[in-house]
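J.: here is a sequence with its predicted model. Questions after.
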Protein chains: 2
Amino acid sequence: MTADPREHPMWLPPHALQFLRGRPVVIRGADPLLETIRSEAADAGAVDRGERVDAGTPASTLLIVPAADAEEVWPRPLPVAGLRAEGFVIAQDGDRTIIAYADGRGALYGWFQMIRDHAGGERRSTPARFEPQQALRVLDHWDNISAHPVMGQVERGYAGGSIFYADGSVRRDLGRVARYARLLASIGVNAVTINNVNVGRREAQLLTDDLGTVELLAGIFRPWGIRVHLSVNFASPLDLGDLDTSDPLDERVAQWWSAATAQAFARIPDLGGYLVKADSEGQPGPHAYGRDHADGANMLARALEPHGGVVRWRAFVYNHRQDWRDRSTDRARAAYDTFMPLDGRFDDNVLLQVKYGPIDFQTREPLSPVIAAMKHTRIALELQVTQEYTGQQRHAVYLAPQWSEILGGRPFGDGGPPVSELVRGGIAAVSNVGDDAYWTGHPLAQSNLYAYGRLAWDATLDARAVLSEWMALTFGDDEAVNDGIHSILDDSWATYESYTAPLGVGFMVTPGSHYGPSVDGYEYSPWGTYHFADRNGIGVDRTVATGTGYTGQYPQEWAAMFESLESVPDELLLFFHHVPYTHRLHNGATVIQHIYDTHFRGAEQAAELPARWDALRDHIDEDVWMRGAERFAEQARSAGEWRDQINTYFWRASGIPDEHGRTLY
Amino acid sequence: MTADPREHPMWLPPHALQFLRGRPVVIRGADPLLETIRSEAADAGAVDRGERVDAGTPASTLLIVPAADAEEVWPRPLPVAGLRAEGFVIAQDGDRTIIAYADGRGALYGWFQMIRDHAGGERRSTPARFEPQQALRVLDHWDNISAHPVMGQVERGYAGGSIFYADGSVRRDLGRVARYARLLASIGVNAVTINNVNVGRREAQLLTDDLGTVELLAGIFRPWGIRVHLSVNFASPLDLGDLDTSDPLDERVAQWWSAATAQAFARIPDLGGYLVKADSEGQPGPHAYGRDHADGANMLARALEPHGGVVRWRAFVYNHRQDWRDRSTDRARAAYDTFMPLDGRFDDNVLLQVKYGPIDFQTREPLSPVIAAMKHTRIALELQVTQEYTGQQRHAVYLAPQWSEILGGRPFGDGGPPVSELVRGGIAAVSNVGDDAYWTGHPLAQSNLYAYGRLAWDATLDARAVLSEWMALTFGDDEAVNDGIHSILDDSWATYESYTAPLGVGFMVTPGSHYGPSVDGYEYSPWGTYHFADRNGIGVDRTVATGTGYTGQYPQEWAAMFESLESVPDELLLFFHHVPYTHRLHNGATVIQHIYDTHFRGAEQAAELPARWDALRDHIDEDVWMRGAERFAEQARSAGEWRDQINTYFWRASGIPDEHGRTLY
């Protein structure tokens, strides 16, 4: 292990702001966030020229002004008409730069866009207008205040403890949280949920006895335009209040929530709202009282509505005590079956938060059918930045290509809208940071946090370009680093997919930890995640014709595509169909040979990573390099283990040898 | 859950001693243990008649006298000549009973034999002589002082926390330990190891800074003839001392151990000795210094020798970082390969403690070959009372039949000595008690603790008779209870075997917890416990002819028997041979059909248990019954799960249907 260096600056190292030293800056406006920018400018060594722009204003001045002032201070027209909230226009004229903003957040985002532009060598001779596609861009922290006996302090956290909490309460030194807030603001994240969706007793008190902690953290995030959200426990009126029920239709319960909410907003007027995991994996919910999810969500929504808060209600609801013997129950169907009948019944300030796939953040899943189906509900899409199923920040897996594919999917066919437009309630993701020196365990996993913010802002950004942006900021202008890390990360998702569970079948991970292979680890479990491999074949028949009928939950275009063996994409074959090992893919290989080929190739690719990283040794800070080297060694080892276990399992099951005679055990 | 009643009395409830009320008793002797008996007699309401026996001594008097006095006080000759240590003779003449003892322990054991006799209706008109087969009969507690983050306070404990320790130190109220000591004395156990063989830092301090705890516990066990042993950490001179080594051939290390040992014996003069797990599963040992196990064990033995202590050195040494791909390494071979070359090199006060089988306390294993092979080493046999692999005290499994089979095995053929004679260093077992109200989780698991003591004393006792003894003491004279529990327990080991891993192949348990089925749970692990099942067959080829050569570690008689498919016992077939599913057993069934048959039958038998227990409801204390009812429900459920997972796995692998068309998934 390397010694922990001081906290890593992520993508805002001092050198990224060096260019601002001595730069004259004019900042106009009264929004409190302008103070943040003034302070940023001062820290960077810029020279504050006040608010006036006149003949004495130096040619190299940076102007940060309300959009309404653009015409006054800028020689040429700027596309500021109708600029939406959080938006800004950025332009350059010679050495002079303007950021014309819609509001305080717009100014802040413009500030950081300028820094990105500089690092990337981007000049805005043609003015550029920026507005977020999604109004809500939130990171959910699965942080516990009291460390959970099994899950630890950060559930599915692979980067140490919580940056918010230690020793059973909020940290005394919150300097790191402030730096985190700045980093998030720089990528456009505007909300943070400060506690785990699985809300323990201690964490539930954030809403009641421990509002001080929320107030404290909200005060740190506020100057960065970030609103704090709370995960709440549906049973709180019962557990923390004096009531004997948490029935959402009981007036006393509604009153309890209204009072608690009013109390919270009295102290944190910009509180964002609540995140709720109800009737899911053992969490309490409205079902105990014979009520449905709309009853539950609307009750909370009404408590929040007067204060401008939202409820994010998770659609991650399924039977987690399924009998593996029962092939008729299909976990993939659960969200649609539960929520589709409620479409249209949710209040306006309810967002239904839907994981991207119907199961659980697997390396490859089809899109959740709920997203296209629930036309009268505001859907928030949930991604997972923390790499629970994608290598746990020990494997380098750049997730932006996955997210691009999800956000760009068109469930109504090529002529229809992409997911990024179907989603009208924002984009959420589970955070990957902790109190690790590099924030994210694997230093390269910082790129996922960065890319999440960028794609949540604009889903059409190119994943590769975002990676270049991140590298330019983090490592400065170094072609070797740029090329080397592109060669490591560009195809890393595909590589990871190739050496883990094949063809969309998912899981095959070690139960509990979810790290490393275990082909049958969940096969006889109550969790509903099966592959049904036997000596003849593998896969889950989810067709309408002969299977669970899940394909029927999609719009016609995709339903037909997934239903037929002729048109189902290879990479999702086993998610939708049970086929013999001798079935031929569109790519011409049999399923069994494809398994062998991808696993030998994927592990081989992983085995090359240490050398690629090694080549960057003289280009990267030594501590960062050492941490990376440890991780790449582990990835290479683990990929070999995946290859051998998966190949051996299917060789033993099928009895079909590898066409190329490679080693099977 | 039932409310915890007060602590259960196990097999010494008040009614078992009722018959002593008002009984005149003469107790002669100065051994301190006689004081214990006087106190027992007083508690039972017996009338102390002092030491004299004369015409005024009532006819119904119980005489407890040294063997040398027997002739003086008893009208007929008694077989006391040459009575060995701990022995006694018991006889009755009309209402008068005599216990003629060799020493204090003999008197104590005679006292409890008399109580057993009474409960069982046994009259000793013909005098009976009792002497233990083994001088050392020890229970090893895997108790930690500091709860281990994964293993908890009692490693592989299924009955709550430690009765010795709580909150990081020795318990303040040790009343329960005293009652435990009495219970152990009543079954002839004469030693107890008070800490886990995996010795953590806190526990290692028992030998140094925390001798007070040892002294305290030894003082409680001493009146019951029980010596305390300590598990020690081989690296203590390095970890706790000032040394930079724990090399057993380094004079400073030897001196450290001598000094620490002398210090310990100065405070606990009857300390029994040390138990050591060295170079095993990550524990430190002599290998780090290029020394062997004899070097290590003898160094400790020499520190103990002046004080009369022994070293028990565990033979549980194997490569726990094995590569599952490597079929040439065979964990079963490890103890023999490691220790056989050292035979004859161990000092006299070294006992090599060997688990009964070559792997790890499985439901069915062949005898460890070390036991027959190491003729110049004192072997102590290690059994496991705690049901790690036999249902974890949620399944009712009476283990005495397994122990009888082990102890009665004759590795040199039917004319040779049984294991109980080959073993010259005593019998050890891992304890199954904790601070649970019933001591053992499942109330019926008390029978295992009882039977362990009885069989360690006399391996030839009949397991069924011992069970009757235990029931007569525990439940009193109730034919329904006797019949009912016999019907539950007599075949319980066989039943458990029938619904779990088949034909001696072992493991197939959930990794980590070891509870419940996971056919491939250890198949791709580094632990060396594989079954090598594929679509054609299953089992481990351990033959000399084509396998790992393990069979060659046995004496010729057993080597030949195990080597050949003609003569290998069915129940160990897959331990020794890899065979196709269509291979026919001696019982005529194919392997696959045998798997189906035993699993359907075993689960069916388990499903009948709740009803059998139900029938005893009015005969058994309600709290005890309730606890049992919970456990039987779980056993029935779990057995069904085993049946379905095992059968389904092999149906999917083999493709061979059940001859009787029962349900496979």
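T.: Right, received. Where do you want to start?
J.: chain neighbours aside, what residue packs nearest to A:Lys375?
T.: Of all residues not flanking A:Lys375 in the chain, A:Asp343 sits nearest, at 6.8 Å (CB to CB, 6 or more residues apart in numbering or on different chains). For the C-beta atoms, the positions are set from N, CA and C on the backbone; glycine is no exception.
J.: need the pLDDT of the one you found.
T.: A:Asp343 carries a pLDDT value of 98.
J.: am I right that it is in contact with A:Ile371?
T.: No. Applying CB atoms under 8 Å, one finds A:Asp343 not in contact with A:Ile371, separated by 11.9 Å.
J.: from A:Trp493, how far off is A:Phe265?
T.: Between A:Phe265 and A:Trp493 the distance is 41 Å, computed by CB to CB, to the nearest Å.
J.: same check, this time on A:Asp239
T.: 41 Å.
J.: next one: A:Val624
T.: Taken as CB to CB, the span from A:Val624 to A:Trp493 is 22 Å.
J.: so what's the residue nearest the centre of chain A closest to, chain neighbours aside?
T.: The residue lying closest to the centre of chain A (CA atoms, centre = their mean) is A:Ala429, at 2.9 Å. By the measure of CB to CB, 6+ apart, the closest residue to A:Ala429 outside its immediate chain neighbours is A:Leu383, 4.1 Å from it.
J.: ok so that neighbour is a helix residue?
T.: No. Applying DSSP: H, G, I helix; E, B strand; the rest coil, one finds A:Leu383 to be strand, outside a helix.
J.: can you tell me which residues contact it?
T.: A:Tyr356, A:Leu399, A:Trp403, A:Ile406, A:Ile427, A:Ala428, A:Ala429, A:Val430, A:Tyr452 (CB atoms under 8 Å, 6 or more residues apart in numbering or on different chains).
J.: closest to B:Glu71 out of these?
T.: Set against B:Glu71, the nearest of these by CB to CB is A:Val430 (84.9 Å).
J.: quick one: contacts for the closest one?
T.: By CB under 8 Å, 6+ apart, the neighbours of A:Val430 are A:Leu139, A:Asp140, A:His141, A:Trp142, A:Arg156, A:Glu382, A:Leu383, A:Gln384, A:Val385, A:Thr386, A:Glu388.
J.: dump these to TSV, plus pLDDT.
T.: Listed next are the contacts of A:Val430 as TSV, based on pLDDT from 0 to 100:
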residue	pLDDT
A:Leu139	98
A:Asp140	98
A:His141	98
A:Trp142	98
A:Arg156	97
A:Glu382	98
A:Leu383	98
A:Gln384	98
A:Val385	98
A:Thr386	98
A:Glu388	98
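J.: which one of these sits in the busiest neighbourhood?
T.: In terms of neighbours by other CB atoms under 10 Å in any protein chain shown, the contacts of A:Val430 top out with A:Thr386 at 29 neighbours.
J.: ok so, going back, secondary structure and pLDDT added to the contacts of A:Leu383, as a markdown table?
T.: Converted to a markdown table, the contacts of A:Leu383 look like this (DSSP: H, G, I helix; E, B strand; the rest coil; pLDDT from 0 to 100):
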| residue | secondary structure | pLDDT |
| --- | --- | --- |
| A:Tyr356 | coil | 98 |
| A:Leu399 | coil | 98 |
| A:Trp403 | helix | 98 |
| A:Ile406 | helix | 98 |
| A:Ile427 | strand | 98 |
| A:Ala428 | strand | 98 |
| A:Ala429 | strand | 98 |
| A:Val430 | strand | 98 |
| A:Tyr452 | helix | 98 |
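J.: for PyMOL, write the selection for the buried entries among those residues.
T.: Those of those that count as buried under 16 or more other CB atoms under 10 Å in any protein chain shown are selected in PyMOL with:
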select buried, chain A and resi 356+399+403+406+427+428+429+430+452
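J.: anything in the longest helix along chain A near chain B?
T.: Across chain A, the longest stretch assigned as helix under DSSP state H is helix A:622-654. Yes. Using CB under 8 Å from any CB of the partner chain, helix A:622-654 reaches chain B at A:Glu641, A:Asp644, A:Gln645, A:Thr648, A:Tyr649, A:Trp651, A:Arg652, A:Ala653, A:Ser654.
J.: what residues does the fourth one make contact with?
T.: Taking CB under 8 Å, 6+ apart, we find A:Thr648 in contact with A:Leu664, A:Tyr665, B:Arg325, B:Tyr524.
J.: B:Gly272: which of the contacts of A:Val430 is nearest?
T.: A:Arg156 (47.7 Å).
J.: is it true that that closest one touches A:Val385?
T.: No. Contact criterion CB under 8 Å: A:Arg156 and A:Val385 do not qualify, at 10.5 Å.
J.: so where's chain A shaky on pLDDT?
T.: A:1-5 (pLDDT under 70).
J.: domains of it?
T.: A:14-130, A:137-459, A:497-540+A:578-654 (automatic domain parsing).
J.: thinking again about what came up before, mind checking which of A:Phe265 and A:Trp493 has more residues around it?
T.: Set A:Phe265 next to A:Trp493 and count neighbours by other CB under 10 Å: A:Trp493 wins out with 22 against 17.
J.: over to that one. Which of the three states is it?
T.: helix.
J.: before we move on, back to that, for A:Asp343 and A:Ile371, indicate the residue with more neighbours.
T.: The neighbour count for A:Asp343 versus A:Ile371, taken as other CB under 10 Å, is higher for A:Ile371 (23 against 15).
J.: that one is in contact with A:Leu407, isn't it?
T.: No. Between A:Ile371 and A:Leu407 there is no contact under CB under 8 Å: 10.6 Å.
J.: check the contact lists of those two and give me the overlap.
T.: Contacts common to A:Ile371 and A:Leu407, judged by CB under 8 Å, 6+ apart, are A:Leu381, A:Val419.
J.: roughly how far does the residue in the stretch 201-350 of chain A that chain B sits nearest to sit from A:Tyr530?
T.: For the stretch 201-350 of chain A, the residue closest to chain B is A:Arg325, as judged by CB to the nearest CB, at 4.7 Å. Distance, A:Arg325 to A:Tyr530, using CB to CB: 10 Å.
J.: do the same with A:Asp239
T.: Distance from A:Asp239 to A:Tyr530, by CB to CB: 35 Å.
J.: please identify which of the two sits among more neighbours.
T.: Neighbours around A:Asp239 and A:Tyr530, counted as other CB under 10 Å, are more numerous at A:Tyr530. The numbers are 21 against 16.
J.: and that one, helix, strand or coil?
T.: A:Tyr530 is classified as coil under three-state DSSP.
J.: and the stretch 251-400 of chain A, which of its residues are near chain B?
T.: Residues of the stretch 251-400 of chain A lying near chain B (CB under 8 Å from any CB): A:Trp324, A:Arg325, A:Arg327.
J.: of the residues you listed, which is the most crowded?
T.: A:Trp324 (21 neighbours).
J.: my read: that one touches A:Pro526, true?
T.: Yes. In this structure, A:Trp324 is within contact of A:Pro526 by CB under 8 Å, at 7.0 Å.
J.: and the contacts of stretch A:283-293?
T.: With CB under 8 Å, 6+ apart, stretch A:283-293 has contacts from A:197-199, A:233-235, A:238, A:245-250, A:277-279, A:295-296, A:313, A:317, A:338-339, A:342.
J.: tabulate the residues of the stretch 251-400 of chain A next to chain B (CSV), appending distance to B:Gln18.
T.: Below are those laid out as CSV (distance: CB to CB, whole Å):
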residue, distance to B:Gln18
A:Trp324, 53
A:Arg325, 53
A:Arg327, 60
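J.: can you put those in TSV and add secondary structure?
T.: Listed next are these as TSV, based on three-state DSSP:
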residue	secondary structure
A:Trp324	coil
A:Arg325	coil
A:Arg327	coil
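J.: close to chain B: what parts of the stretch 451-600 of chain A are there?
T.: A:Pro517, A:Ser518, A:Val519, A:Asp520, A:Gly521, A:Tyr524, A:Ala533, A:Asp534, A:Arg535, A:Asn536.
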